[in-house]
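[1] need a structure here:
(one chain, ligands or ions: 1)
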Amino acid sequence: MSVIDLNTADLLWLKEVSPDLDFSDTERQEAILETTSRDFNAVPGSGKTSLLAAKLLLIARKWNQQKKGLCVLSHTNVAREEITRRLKLNADGQKLLTYPHYIGTIHGFVNQYIALPALRSAGIKVEIIDDDAFAKKAQKLLQQYKFKTLRGWLKYQENADELINTLYFKGSELEISTESGTLTNATTPSGKQVRELKYSLLDAGIFRHRDMFAFAESALKSNPNLLDVIFRRFPLVFIDEMQDTSWAQESILNSIFENKSTVQRFGDIDQKILTDDEGIVNCTFPRAGHKVISTSKRFGNKIAEAVASVRLSQLPVIGEANQEMPPVLLLYKTADVEKVLTKFGQLVIDRFTDLELEKKSVRGMCTRKVGSGDVVPGRHLGDYWPAFAQTQTGATNSNDNFWQALLPPPNHNNESILFGRVAQVRRAILLIMREAGSPIVESIRDSNALIKAVTEQTGTALPIHLLVQDLILKPDLYATPAARDVLIDYIYTRLKSYLPTGTLLQSFKNLSTFDQAFFLLNPAQLPNLCAVSHMGRDINYTIGTVASMKGETHIASLVMESYGGNSKKFDLEMALPYVAGIKKNPASLSKLQRGQLRNLYVAMSRPTHFLCLAVNETRIAPQTLSALIEKGWVVEQ
Ligand SMILES: Nc1ncnc2c1ncn2[C@@H]1O[C@H](COP(=O)(O)OP(=O)(O)OP(=O)(O)O)[C@@H](O)[C@H]1O
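    Residues are numbered from 1 along each chain as shown. As a prediction, this is how the structure comes out:
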């Protein structure tokens with residue numbers, strides 16, 4: 001028997017409350033009305049998250065259980081925020097935001113219901129769960145005399161820093177492992193010390209997110225009754241972004257809910273770009289009997305055709321939007337690789353008015369950040385934008401640098417993640433207040449508590465609100481070295497009342513958090529922000545990796561080719577014959593090459609209007625070029 005009854009009358013109501021969304025097709029209607037456990041594999045831009053939010057609204061209207069609730073899980077905070085944003089708009093939807101319901105990330109859920117209670121009852125304190133904070137503390141601890149042997153061993157390890165930064169507890173036996181490299185046996189001196197280091201951090205209450213899954217597994221093993229308690233509380237479970245769920249996460253969720261609660265999972269298996277996860281072969285999404293949504297509301301037919309050509313499953317992708325323009329193939333000469341991003345900015349300015357670009361995202365993406373290979377450039381983002389490469393080198397990369405903390409993440413224009421941007425900028429301000437010795441922030445652990453602490457202790461946080469607003473809305477304030485100098489003065493005036501009495505402007509300016517060495521290699525470029533002036537108009541747009549832009553919608557997207565290293569192939573060089581229709585069925589490519597294609601599938605499916613692929617002119621065959629032109633592609637140089 002299903003937990004909830006949904007029928008076609010509900011769809012009529014949905015039309016009234018969500019007039020911006022169209023659920024008139026059979027595939028979406030079936031997905032909304034489905035009441036049994038089922039997976040849904042849906043194309044990019046099909047509106048998985050908004051469909052799920054709409055479905056939740058319908059259920060909220062009918063939910064009458066007081067102590068049992070819905071469990072809605074996503075992989076990222078972006079998806080969670082999108083769901084809660086939509087639910088907040090409606091009185092019924094708001095009911096889902098409180099007890100007995102849970103809406104949050106899989107990490108948050110596992111922590112709240114399993115790992116943290118287990119750690120508490122074992123008397124283990126938790127100070128912080130944060131991969132960056134863990135890495136920082138681990139590196140600091142490593143410098144202690146007692147880890148001398150370990151340091152000696154690390155000198156001979158590739159990625160020694162990462163080996164330490166990513167130490168984690170694995171499985172229900174809490175075995176100590178690393179995500180980078182291999183640890184020596186626990187009986188060797190260095191093997192002993194690396195484990196001692198991890199245990200010291202455990203004693204200090206410092207954990208990585210991944211550790212929590214091991215504690216959860218361990219708790220469920222030693223206390224199987226816990227499973228019953230959780231599944232009884234949540235008879236209905238929805239999981240968004242299912243393709244990104246690792247096996248460690250899925251196996252815990254399966255052990256709690258499988259064959260007990262009704263579970264519906266949404267995702268797109270072809271967008272799974274992290275495929276080197278342990279246990280990946282066990283992942284079950286999408287299960288037999290799954291349904292599909294094959295139409296995209298994001299883009300039209302031309303982009304859909306290109307996206308479908310690189311879709312590994314070769315299932316159809318149908319574009320339903322009708323605002324797109326001809327896609328562009330941007331051919332560059334090797335010597336001009338650093339001009340690609342500027343040229344794309346010009347193409348965007350030529351195609352859109354300022355009004356059309358307002359509040360819309362323009363992005364440049366590349367699969368690889370940096371790398372090597374004795375091949376002609378166009379290998380990675382660093383080739384196209386040297387300032388990006390410099391952020392990837394340890395020397396200038398500091399978790400405590402204000403500028404680094406301030407720089408907009410790749411998705412900073414997306415309204416749904418504005419909340420995330422506010423949190424990011426508050427964190428940057430917290431770094432300043434901490435280093436300046438502000439007594440207000442002495443006992444606060446993260447930026448979430450900043451406003452509360454400032455308000456409680458001084459009566460108002462208005463100066464911080466205004467500063468946050470300026471830093472988000474006016475990136476020009478930190479676009480050049482001179483602007484950054486002026487900005488520090490301005491920050492001082494805003495924060496002065498929160499600083500220790502007598503803090504002078506000069507000592508404030510000398511805080512190491514303002515160190516601009518971060519920008520030195522390329523003072524004209526911000527690491528991930530490209531500024532272009534053309535025909536008397538300006539555009540600033542963000543660049544980044546494909547992985548960092550998953551889930552986004554752009555008005556215009558540039559996809560820059562990259563070299564796959566061990567795959568021995570440039571991704572677009574390999575993909576363009578498929579896009580041109582000369583080759584079919586990319587499923588026969590090698591594993592690494594298929595991984596490259598998955599990235600392209602994600603990247604090429606971001607834009608609503610304008611898709612541009614940048615390729616070195618030496619890497620496209622004349623036959624492919626003519627076939628693309630015949631298909632309606634425009635070639636630019
Ligand atoms: N049912 C719908 N009716 C009309 N427009 C929609 C609908 N669903 C989504 N959209 C619009 O389509 C675009 C893509 O939606 P969204 O980003 O939610 O898709 P997605 O399935 O999450 O995509 P991806 O898997 O690529 O991240 C957005 O601009 C959104 O507003």
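
[2] Next one: the residue in the stretch 251-400 of the chain positioned nearest to the ligand from Thr553, what distance?
    Residue nearest to the ligand within the stretch 251-400 of the chain: Lys297 (3.5 Å; Cβ to the nearest ligand atom). For every residue, glycine as well, the C-beta is placed using N, CA and C. Lys297 sits 10 Å away from Thr553, going by Cβ to Cβ, to the nearest Å.

[3] Okay, strands next: where are they in the stretch 201-350 of the chain?
    Using DSSP state E, counting those that start in this stretch, the strands of the stretch 201-350 of the chain run over 206-207, 236-239, 262-267, 291-293, 295-296, 318-319, 328-332.

[4] could I get those strands as JSON lines with distance to Ala160 and mean neighbour count?
    Formatted as JSON lines, the strands of the stretch 201-350 of the chain follow (distance: least, Cβ to Cβ, whole Å; neighbours: other Cβ atoms under 10 Å):
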{"stretch": "strand 206-207", "distance to Ala160": "20", "mean neighbour count": "24"}
{"stretch": "strand 236-239", "distance to Ala160": "37", "mean neighbour count": "23"}
{"stretch": "strand 262-267", "distance to Ala160": "36", "mean neighbour count": "23"}
{"stretch": "strand 291-293", "distance to Ala160": "45", "mean neighbour count": "18"}
{"stretch": "strand 295-296", "distance to Ala160": "44", "mean neighbour count": "23"}
{"stretch": "strand 318-319", "distance to Ala160": "47", "mean neighbour count": "19"}
{"stretch": "strand 328-332", "distance to Ala160": "37", "mean neighbour count": "22"}
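
[5] Any chance of those in TSV with distance to Gln94 and mean pLDDT as columns?
    Shown next, in TSV, are the strands of the stretch 201-350 of the chain (distance: least, Cβ to Cβ, whole Å; pLDDT from 0 to 100):
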stretch	distance to Gln94	mean pLDDT
strand 206-207	33	94
strand 236-239	17	97
strand 262-267	22	97
strand 291-293	27	97
strand 295-296	30	97
strand 318-319	34	97
strand 328-332	44	98
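
[6] Make a markdown table from these and add distance to Leu12 to it.
    Listed next are the strands of the stretch 201-350 of the chain as a markdown table, based on distance: least, Cβ to Cβ, whole Å:
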| stretch | distance to Leu12 |
| --- | --- |
| strand 206-207 | 48 |
| strand 236-239 | 22 |
| strand 262-267 | 22 |
| strand 291-293 | 21 |
| strand 295-296 | 21 |
| strand 318-319 | 25 |
| strand 328-332 | 42 |
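
[7] just so I know, which of those strands lies nearest Ser548?
    Among these, the nearest to Ser548 by Cβ to Cβ is strand 262-267 (18.5 Å).

[8] The spatially closest residue to Phe215 that is not a sequence neighbour and Val194, how far apart?
    Counting by Cβ to Cβ, 6 or more residues apart in numbering, Ala115 is the residue found nearest to Phe215 once chain neighbours are left out, at 4.3 Å. Ala115 is 23 Å from Val194, where distance means Cβ to Cβ.

[9] didn't the residue of the stretch 251-400 of the chain closest to the ligand look like it was pressed against Gly45?
    Yes - when contacts are counted by Cβ atoms under 8 Å, Lys297 is listed as touching Gly45 (5.7 Å).

[10] higher neighbour count, those two?
    Gly45 (24 against 18; other Cβ atoms under 10 Å).

[11] any idea whether that one is helix, strand or coil?
    Under DSSP: H, G, I helix; E, B strand; the rest coil, the three-state class of Gly45 is coil.

[12] which residues do Lys297 and Gly45 both contact?
    Shared contacts of Lys297 and Gly45, defined by Cβ atoms under 8 Å, 6 or more residues apart in numbering, are found at Ala321.

[13] Tally up the residues packed near the residue lying closest to Phe285 once chain neighbours are set aside, please.
    Spatial nearest neighbour of Phe285, chain neighbours left out: Met242 (4.6 Å); criterion: Cβ to Cβ, 6+ apart. Number of residues near Met242 (other Cβ under 10 Å) recorded here: 28.

[14] so what's Met242 up against?
    Counted by Cβ under 8 Å, 6+ apart, Met242 has contacts Asp39, His75, Arg265, Phe266, Gly267, Phe285, Pro286.

[15] Now with 10 Å, please.
    Residues in contact with Met242 (Cβ atoms under 10 Å, 6 or more residues apart in numbering) are 39-41, 48, 73-75, 106, 250, 253, 264-269, 272, 283-286.

[16] PyMOL command to pick out the buried ones of those?
    Buried members of the contacts of Met242, defined by 16 or more other Cβ atoms under 10 Å, are picked up in PyMOL with:
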select buried, resi 39+40+41+48+73+74+75+106+250+253+264+265+266+267+268+269+272+283+285+286
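
[17] ok, and which of the contacts of Met242 reach the ligand?
    Lys48, Asp268 (Cβ under 6 Å from any ligand atom).

[18] can you tell me how far Ser37 sits from the ligand?
    Noted for Ser37: a distance of 21 Å to the ligand, by Cβ to the nearest ligand atom, to the nearest Å.

[19] swap that for Phe402, sorry
    As defined by Cβ to the nearest ligand atom, Phe402 lies at a distance of 32 Å from the ligand.

[20] Not counting residues beside it along the chain, what's closest to that residue?
    With sequence-adjacent residues excluded and distances taken as Cβ to Cβ, 6+ apart, Phe402 is closest to Thr513, at 4.3 Å.

[21] in a helix, that's where the one you found is, yeah?
    Yes - assigned with three-state DSSP, Thr513 falls within a helix.

[22] That one touches Trp403, doesn't it?
    Yes - using Cβ atoms under 10 Å, Thr513 is in contact with Trp403, at 8.4 Å.

[23] any common contacting residues for these two?
    Common contacts of Thr513 and Trp403 (Cβ under 10 Å, 6+ apart): Ala428.

[24] does Pro19 count as helix, strand or coil?
    Pro19 ends up coil, using three-state DSSP.

[25] burial count for it?
    There are 8 residues near Pro19, going by other Cβ under 10 Å.

[26] For Ser296, see how far away it is.
    Note on Pro19: its distance to Ser296, by Cβ to Cβ, is 20 Å.

[27] So what touches stretch 202-209?
    Contact with stretch 202-209 is made by 105, 107-108, 110-111, 115, 119, 124-138, 141, 165-169, 174, 176, 179, 198, 200-201, 211, 214-215, as judged by Cβ under 10 Å, 6+ apart.

[28] gap between the two ends of it?
    This stretch, stretch 202-209, spans 13 Å end to end (Cα to Cα, to the nearest Å).

[29] thinking again about what came up before, can you check the pLDDT for the residue of the stretch 251-400 of the chain closest to the ligand?
    At Lys297, the pLDDT value in this model is 96.

[30] Show the contacting residues for it.
    Going by Cβ under 10 Å, 6+ apart, Lys297 touches 21-22, 28, 43, 45-47, 50, 319-321, 553, 608.

[31] Can you list phi and psi of it for me?
    With angles defined as degrees, to the nearest 10, Lys297 sits at phi -90, psi -10.

[32] Also the one 3 residues further on?
    With angles defined as degrees, to the nearest 10, Gly300 shows backbone torsions of phi -100, psi -160.

[33] quick one: it and Asp270, what's the gap?
    19 Å.

[34] more neighbours, those two?
    Comparing Gly300 with Asp270 by other Cβ under 10 Å, the one with more neighbours is Asp270, at 23 against 18.

[35] wait, doesn't that one sit right on Met604?
    No - using Cβ under 10 Å, Asp270 makes no contact with Met604, being 11.6 Å away.

[36] which neighbours do those two share?
    Common neighbours of Asp270 and Met604 (criterion: Cβ under 10 Å, 6+ apart): Pro44, Val307, Val310, Arg311.

[37] mind putting those residues in TSV, distance to the ligand, neighbour count and pLDDT included?
    Listed next are those as TSV, based on distance: Cβ to the nearest ligand atom, whole Å; neighbours: other Cβ atoms under 10 Å; pLDDT from 0 to 100:
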residue	distance to the ligand	neighbour count	pLDDT
Pro44	3	24	97
Val307	10	28	98
Val310	14	27	96
Arg311	12	24	96
